[in-house]
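1. sharing a model that was predicted from the sequence below.
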Amino acid sequence: MDKASIAGSLIGIAACILVMYMASHGHFEMFYSEKGFIMVGGGTVSVLLMAMPIENLKCVPGYVKRFLFNKGLSATDTVRLMSTLSDKARRDGILALENDIEKIEDPFLSKGLRMAVDGTDEEIIETTLRLEVMAMQERHKAGKKFFDLIKVYAPGYGLVATLIGQVGMFGNLGGDIQTLGHMLAIAVVATMYGTVLANAVAGPMGDKLALRSSEEILSREMMLQGILSIQAGDNPRATQEKMLAFIPNTVRRNMKLAA
């Protein structure tokens, strides 16, 4: 589980609840507007259905899961794993990696090593794995797009509800003060719904998915270079240096000191 994602979500929720309590003195019902909820919620769903294929919308639970959990290898873990595999391949031969392939959970790395062990041509391995990375990027773009749509259009539908509330308010000027106040509440609360949904939920989640995607692309490139280096029979030190080229100098120095 990603502790930063959980902590950030809890802090945001706690801040909203605290300020709402301070503003309403515990009367939270004043922040509920059925009309505003229908307008912002229904409008946002309509935009998602219009803008994205239904196949992508079925993957929404996966997008949320990826925000909350990060099971991918870190850059340093990838360096260590590829260095270990390279050392074993150089010492015992590349065929000795067959047992290790069965234990590797990452399908990208497992597939690449399997192709190398089977004697597949270097160009075929590189082309196949780069196609895998490209397909992964497209999947990740769909997840980012989902949250970007909410970020862009939820405040817009909140504004629509606000305008509707204002029209009702102006239409009742000089009339019942209770009706006037009710319409004003719709106008303000609907804007709040759209703003919170866009800036406190969809925006941060989309940005985290984009960061996850960049990290995974980097990890895949490191694995690809490591697989090609192992297949070529490079010295394990040379393979490690290729991996270290992908990570910051400070982390690189710390890893060398630890080694």
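-> Arrived safely.
2. hmm, who's touching stretch 198-217?
-> The set of residues that contact stretch 198-217 without belonging to it, under Cβ atoms under 8 Å, 6 or more residues apart in numbering, is 2, 5, 8, 12, 16, 63-64, 66-67, 70, 72, 74-75, 133, 136-137, 140-141, 143-144, 146-148, 150-152, 154-155. C-beta: built from backbone N, CA, C; applies to glycine.
3. mind listing what's buried in that stretch?
-> Under the neighbour-count criterion of 16 or more other Cβ atoms under 10 Å, stretch 198-217 has 198, 200-206, 208-210, 212-213, 216 buried.
4. ok, now stretch 144-154?
-> Of all the residues in stretch 144-154, those buried under the rule 16+ other Cβ under 10 Å are 144-151, 153-154.
5. which ones among these are found in helices?
-> 144-151, 153-154 (DSSP state H).
6. and the buried residues of stretch 198-217, which of them are in helices?
-> 203-206, 208-210, 212-213, 216.
7. about what we covered before: nearest to residue 119, of the buried residues of stretch 144-154?
-> Residue 119 has its nearest neighbour among those in residue 144, at 38.2 Å by Cβ to Cβ.
8. how close does that closest one sit to residue 55?
-> Residue 144 sits 16 Å away from residue 55 when distances are taken as Cβ to Cβ, to the nearest Å.
9. quick one on the thing from earlier: and the buried residues of stretch 144-154 as JSON lines, adding pLDDT and distance to residue 193?
-> Written out in JSON lines, the entries for the buried residues of stretch 144-154 read as follows (pLDDT from 0 to 100; distance: Cβ to Cβ, whole Å):
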{"residue": "144", "pLDDT": "90", "distance to residue 193": "23"}
{"residue": "145", "pLDDT": "91", "distance to residue 193": "22"}
{"residue": "146", "pLDDT": "92", "distance to residue 193": "19"}
{"residue": "147", "pLDDT": "93", "distance to residue 193": "16"}
{"residue": "148", "pLDDT": "93", "distance to residue 193": "18"}
{"residue": "149", "pLDDT": "92", "distance to residue 193": "16"}
{"residue": "150", "pLDDT": "93", "distance to residue 193": "12"}
{"residue": "151", "pLDDT": "92", "distance to residue 193": "14"}
{"residue": "153", "pLDDT": "92", "distance to residue 193": "13"}
{"residue": "154", "pLDDT": "91", "distance to residue 193": "8"}
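10. pLDDT below threshold where in the stretch 1-150 of the chain?
-> Segments of the stretch 1-150 of the chain classed as low confidence (criterion: pLDDT under 70) are not present in this model.
11. any idea whether residue 105 is helix, strand or coil?
-> coil (DSSP: H, G, I helix; E, B strand; the rest coil).
12. residues near it, how many?
-> Counted with other Cβ atoms under 10 Å, residues neighbouring residue 105 total 8.
13. state the distance from it to residue 72.
-> Distance of residue 105 to residue 72, given as Cβ to Cβ: 10 Å.
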